[in-house]
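Peer 1: model the structure of this input:
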Amino acid sequence: MTSDSNDTNNAKTSSDATGDAGVGLLGGKVVFITGASRGIGEAAARLFAAEGASVVLAARSTDALDRVVREIRADGGGVADAVALDLADPASIRAAVGRVGELHGRLDGAFNNGAAVQQPGPVGSTSDEDIDRQFTVNFRAHWTAMNAEVALMRRGGGGAIVNTSSIGSRRANPALPAYGAMKRALNSLTETAAVDLGPAGVRVNGIAPGGTATRMIDEWEAATPGIVEGITASVPLGRMAAPREVAEAAAWLLSDRASYVTGAILPVDGGAGA
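Peer 2: Presented below is the predicted three-dimensional model:
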């Protein structure tokens, strides 16, 4: 997939945007988003662009990415580019972050949101292959991405990173044990990176969404009928989150309004984890 940010028939190019302070919560910032082809990542791409950011979307589904990019550009002249990304391949992750540097020369924020869901089932039925995939995509990929992102952020004197964890990282997760375990490990990595990178001016936080109306939940419901009803019943607000509601929390953490917040794992779960 190629970026068409130089297409003069589209809205303003990436280079036009980065020199403009912009208006909005993320005005003038360059933000990289993984898992941006659907769900929370897609909602974040649209929201961040509406809040003034120049966004670089990354995922495996290049057709879906290109559609989102076109729609962001058409909707008020947002600045967006896309890059193919395989979270199971460290070289692909580094290349995607490198593409941000080629487009904009810097990186101000990163939303590491891409993930892989495991086959639902108890500990004893979780396969070695599923555990390996959970480690590769839901933990190691974030480690690789953060190192690449921080190297680019240092050029501009700092930045902010948000990692998507899960409510399942904060308590027992019998239906998704490998997924929950890797998300809990990600929380530890997020907190450690915050301490490590604070002196460099890089803030690192996480969000822990609860039940959110995404394709992942649809797939879980198909495998385990009744799961949506059960999740909804456990939420004090009485409903699942819309993807944009979760993205709003990430936008705030990436913004200068959260300038003294680092090392936090913010629940976005309607009170389910309280």
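Peer 1: wait, doesn't Asn113 sit right on Ser37?
Peer 2: No - Asn113 lies out of contact with Ser37 (C-beta atoms under 8 Å); the separation is 10.6 Å. Every residue, glycine included, has its C-beta placed from N, CA and C.
Peer 1: those two: who's more crowded?
Peer 2: Asn113 (27 against 24; other C-beta atoms under 10 Å).
Peer 1: angles on the backbone of the more buried one, please.
Peer 2: For Asn113, the backbone dihedrals (degrees, to the nearest 10) come out as phi -110, psi -20.
Peer 1: for burial, what's the neighbour tally of Gly156?
Peer 2: The number of residues packed near Gly156 is 15, by other C-beta under 10 Å.
Peer 1: grab the nearest non-local neighbour of it.
Peer 2: Arg106 (4.3 Å; C-beta to C-beta, 6 or more residues apart in numbering).
Peer 1: show me what contacts that neighbour?
Peer 2: Applying C-beta atoms under 8 Å, 6 or more residues apart in numbering to Arg106 gives the contacts 18, 30, 152-153, 155-156.
Peer 1: for Gly263, same thing?
Peer 2: Counting by C-beta under 8 Å, 6+ apart, Gly263 makes contact with 190-191, 194-195, 204-205.
Peer 1: could I get those as CSV with distance to Ala148?
Peer 2: Shown next, in CSV, are these (distance: C-beta to C-beta, whole Å):
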residue, distance to Ala148
Thr190, 16
Glu191, 20
Ala194, 17
Val195, 20
Val204, 14
Asn205, 18
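Peer 1: ok, back up a step: which members of the contacts of Arg106 are the farthest-apart pair?
Peer 2: Farthest apart among the contacts of Arg106 by C-beta to C-beta are Thr18 and Met153. That separation is 14.3 Å.
Peer 1: where does the chain have its least confident helix or strand?
Peer 2: In the chain, the helix or strand scored least confidently by mean pLDDT, DSSP states H and E is helix 14-18, which has a mean of 36.
Peer 1: average pLDDT across whichever helix or strand comes after that helix?
Peer 2: Once the chain leaves helix 14-18, the next helix or strand it forms, by DSSP states H and E, is strand 30-34. On average, the pLDDT along strand 30-34 is 98.
Peer 1: helices or strands up against strand 30-34?
Peer 2: Strand 30-34 sits against helix 39-50, strand 54-59, helix 90-104, strand 109-112, helix 141-153, with contacts defined as 3 or more C-beta pairs under 8 Å, 6 or more residues apart in numbering; DSSP states H and E.
Peer 1: isn't Phe32 up against Ala59?
Peer 2: No - checked against C-beta under 8 Å, the pair Phe32 and Ala59 is beyond contact range at 11.7 Å.
Peer 1: between those two, which has more neighbouring residues?
Peer 2: Phe32 (31 against 26).
Peer 1: please name the bridge partners of the more buried one.
Peer 2: Bridge pairing for Phe32 (DSSP bridges) gives the partners Val56, Ala110.
Peer 1: okay, now the residue nearest to Gly98 when sequence neighbours are not counted: neighbour count?
Peer 2: Excluding its sequence neighbours, the residue lying closest to Gly98 (C-beta to C-beta, 6+ apart) is Ala148, at 7.4 Å. Ala148 is flanked by 22 other residues according to other C-beta under 10 Å.
Peer 1: repeat for Ser259
Peer 2: Residues within reach of Ser259, counting by other C-beta under 10 Å, total 9.
Peer 1: quick one, phi psi at it?
Peer 2: Per degrees, to the nearest 10, the backbone of Ser259 is at phi -60, psi -20.
Peer 1: check Val202 too.
Peer 2: Residue torsions, per degrees, to the nearest 10, at Val202 are phi -110, psi 120.
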